[in-house]
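Asker: Based on what follows, work out the 3D shape:
(2 chains)
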There are 2 protein chains.
Amino acid sequence: MNYQFARRLDAAPESFLDQLFAISRDPKIISFAGGLPMTSLIDVAGIRDAAAAVFAEEGETALQYTTTDGYLPLREFIAERYRSRLGLPATADEIRITNGSQQCLDLIAKLFVDPCTVVGMERPGYLGAIEAFSYYQPRFKTVPVTEEGPDIDAFHTLCQEDNLAFFYGIPNFQNPSGMSYTETRRKECAECCRETNTIFYEDDAFGELAFDGRPRIPVKAFAPECGVMSGSFSKTVSPGMRIGWIYAPAQVIEKFDAVRQAADLHPNALSQAVMYRYLTTHDYEGHLERVRRVYQKNCNQMCDLLDDLLPDVIHTTPEGGMFMLATMPEGKDSMALFHACLKECVAVLPGVPFYAEGGGYDTFRLNFSTANETEIEEGMARLKRAYCLCGKK
Amino acid sequence: MNYQFARRLDAAPESFLDQLFAISRDPKIISFAGGLPMTSLIDVAGIRDAAAAVFAEEGETALQYTTTDGYLPLREFIAERYRSRLGLPATADEIRITNGSQQCLDLIAKLFVDPCTVVGMERPGYLGAIEAFSYYQPRFKTVPVTEEGPDIDAFHTLCQEDNLAFFYGIPNFQNPSGMSYTETRRKECAECCRETNTIFYEDDAFGELAFDGRPRIPVKAFAPECGVMSGSFSKTVSPGMRIGWIYAPAQVIEKFDAVRQAADLHPNALSQAVMYRYLTTHDYEGHLERVRRVYQKNCNQMCDLLDDLLPDVIHTTPEGGMFMLATMPEGKDSMALFHACLKECVAVLPGVPFYAEGGGYDTFRLNFSTANETEIEEGMARLKRAYCLCGKK
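Answerer: Got it, this is the predicted structure:
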């Protein structure tokens, strides 16, 4: 039979994510390509105990249908954390639970993107966002990002676009670059959004993973009505439980509820109850601190090895998160590197899929949250071998 | 700020589902309006034990990222059940796990529906499907359904449509009517789909809830390449765990993976592992038999009370599932009944949102899976009072 698929499928880029998951499951390969939190840092015993308490005290509720907005105590926990940690006047009414923050990408695009409207992105920008948005057939326009944040002139110009659905960015420890916006740049972006009625869709998947534990003030703090933020417990507690959230103005939330309900009715009731129980009966701050220390150590180790082993490769120096971006000398090609790496049983992620308007051939992303110290040491040695073997383009 | 939402939001009907969930949580109201499985039939202890085993034996895996396709042992369990129970040659490769079968509605529409393509529906048809499909801006064309199944001449005509994305139907114990297709009608529909290259999207959320336990052969059995089926453990085990699935030809599955990954990466790893463990270490057949017996008793009780108390109301007589449809004498209006009912602290669901092309003003849906015997007795007495109070349109 000849299946007639919808035109929107033509707009979607070929996915890289599934390849990554496959690579991440091959035990021979040391993978710096994926984005998994370190398995040994997941507090299995703590979550197990939280689950046992949920089954004992509210099992029936946690296994029955629930509401689309999400578990109220969990939304209140998230709102309170925005208030106390970031000084944002968040309330549970402005927060909705989603299946990881990936679902926010899909649903926010569904809310705001008509075919041929413009979606503003960072260059490089998160590939999972590019994939999710693509199905709504936008035109991508990108703004280069440096260690300060988005180039502000280019950002200004983009905000003048007639048909701009939103600008999507990751101000904290960006995926793929690990770079962050300065506070000044956050203010400048916010001001520009306020002046031009532009939505700043601020993906904050990594904010809790600042190595120094210091909260960075979000763009939304300087332009509340323009700010749609998303967050996630995937990087901090457990990705398999699929708990993320959106934090947005009431008018957006109202529409969000309708599209979310149509998409899959409501968040996982069991996961929500267990997550809330875990967060409130275990030492979440202590857990975060442990995660930050390990990732910082890994990041430092990787930066040092890069400097030693591949001195002609330039790399970012993240202050948090899980990723850094490396740029090779002119003429080197990251797809060739990718294949050379696989032969050496190490994986890096070519930068190309992060560039919505093309480019990035000389860049690759390195993840430092998955492998341990020994694996990083060995993996970087393999990377050096692959790099030396891999000819010019 | 003036938010500019996408045009697809204009196409969406106002949602009734959230109102229903709210009603279902008001303890004063006896609700026949929702669609919850009976809470006391959820095997909390069994699922608790399954969860404990998962944490003990595969906790790290169940809390980490996983693949988009879904937990392989669970997909194999579902495939094996299709083979042994329905004689379908299903393999795990053709099955993907979703967040309940509602997510299938969204993603199948995303795969096949362009704006202005035609989506074929039953009249009446499932309102959750109408809502999900609406965001992809189809034109709905409906075919009347009787106790035999869809009117076959109208079905034939529909299948000739140039621009038909698929026909969506629930051959077993349909929502909202409780009606089922005869085997002959299934064959006729399948033949027509084969001749016209039409996808038959067969939602089988209720097939396991046949009161007599007898499997009904799906339409897909007679036209495998045309058949996209969805199923769910929400009605049989637990809705809060959000585990449904799609069963479709390989060419469809390949595209499905891409849109699913963009939508929310992958299914809940913890829920999948716990569900599989539960299904394979507890007496699933015995559990299903208990559920069927209770729903059959409730259904009989409700039919008898309807006949006694509201003799001028015609109703369907389901052989399974959770719903029946009532039709009032000409001139009675179900929205008026709905409001009269709420005053009497009972809830029924007006039929209107089930009619994608309009109509159904004289119908309402009754759920018989949520309330117990005493509540049904009392609720039906309240319904009679409301019905008598409620004037003609």
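
Asker: Next, the contact list for A:C390, please.
Answerer: A:332-333, A:336-337, A:339-340 (CB atoms under 8 Å, 6 or more residues apart in numbering or on different chains). C-beta: built from backbone N, CA, C; applies to glycine.

Asker: Kindly indicate which of those residues lies nearest chain B.
Answerer: Of all these, A:H339 has the smallest distance to chain B: 22.6 Å, by CB to the nearest CB.

Asker: next helix or strand past the host helix or strand of that closest one?
Answerer: Element membership for A:H339 (DSSP states H and E) is helix A:334-343. As assigned by DSSP H and E, the chain's next helix or strand after helix A:334-343 is strand A:346-347.

Asker: Assign the closest residue to A:P171 other than its chain neighbours to helix, strand or coil.
Answerer: Nearest non-adjacent residue to A:P171, counting by CB to CB, 6 or more residues apart in numbering or on different chains: A:Y181, 4.2 Å away. Of the three states, A:Y181 takes coil under DSSP: H, G, I helix; E, B strand; the rest coil.

Asker: wouldn't A:Y181 be in contact with A:E147 here?
Answerer: No. If you go by CB atoms under 8 Å, A:Y181 and A:E147 don't touch, sitting 9.3 Å apart.

Asker: These two: who's more crowded?
Answerer: Neighbour count, other CB atoms under 10 Å in any protein chain shown: between A:Y181 and A:E147, A:Y181 has more, with 27 against 13.

Asker: show me the contacts for the more buried one.
Answerer: A:148-150, A:169, A:171-172, A:189, A:219.

Asker: if we go to 10 Å?
Answerer: A:122, A:145-150, A:169-172, A:174, A:187-189, A:202, A:216-219 (CB atoms under 10 Å, 6 or more residues apart in numbering or on different chains).

Asker: Likewise for A:P224?
Answerer: A:P224 neighbours (CB under 10 Å, 6+ apart): A:88-90, A:94, A:190, A:194, A:218, A:249, B:1.

Asker: so what's it scoring on pLDDT?
Answerer: Listed pLDDT for A:P224 reads 97.

Asker: what does the one 3 residues further on give?
Answerer: Per-residue confidence (pLDDT) for A:G227: 98.

Asker: what about the residue nearest to it when sequence neighbours are not counted, distance to B:I42?
Answerer: Excluding its sequence neighbours, the residue lying closest to A:G227 (CB to CB, 6+ apart) is A:K220, at 2.7 Å. Plainly put, A:K220 is 40 Å away from B:I42 if you go by CB to CB, to the nearest Å.

Asker: Pick out whichever of the two has more residues nearby.
Answerer: Taking other CB under 10 Å, A:K220 and B:I42 do not tie; A:K220 has more neighbours (27 against 24).

Asker: so what's the more buried one up against?
Answerer: With CB under 10 Å, 6+ apart, A:K220 has these contacts: A:82, A:86, A:88, A:90, A:171, A:186, A:190, A:193, A:200-202, A:204, A:226-229, A:247-249.

Asker: How about A:T198?
Answerer: Contacts for A:T198 (CB under 10 Å, 6+ apart) come out as A:120, A:155, A:158-161, A:164-167, A:189-190, A:192, A:223, A:226, B:1.

Asker: For PyMOL, write the select line for the buried members of these.
Answerer: To isolate the buried members of the contacts of A:T198 in PyMOL, using 16 or more other CB atoms under 10 Å in any protein chain shown:
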select buried, chain A and resi 120+155+158+159+161+164+165+166+167+189+190+192+223+226
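
Asker: Strands - which of the contacts of A:T198 land there?
Answerer: A:120, A:164-167 (DSSP state E).

Asker: what sits against the residue in chain A sticking out farthest from the centre?
Answerer: Going by CA atoms, centre = their mean, the residue of chain A most distant from its centre is A:M1, 38.7 Å out. Residues counted as contacts of A:M1 (CB under 10 Å, 6+ apart) are B:193-194, B:197-199, B:223-226, B:249, B:251-252.

Asker: which of these lies closest to A:A56?
Answerer: Using CB to CB, B:V252 is the member of the contacts of A:M1 that lies nearest A:A56, at 42.2 Å.

Asker: which residues of chain A fall in helices?
Answerer: Assignment of helices within chain A using DSSP state H yields the ranges A:17-24, A:44-63, A:72-86, A:102-112, A:127-134, A:152-159, A:183-196, A:250-264, A:269-281, A:284-309, A:334-343, A:373-389.
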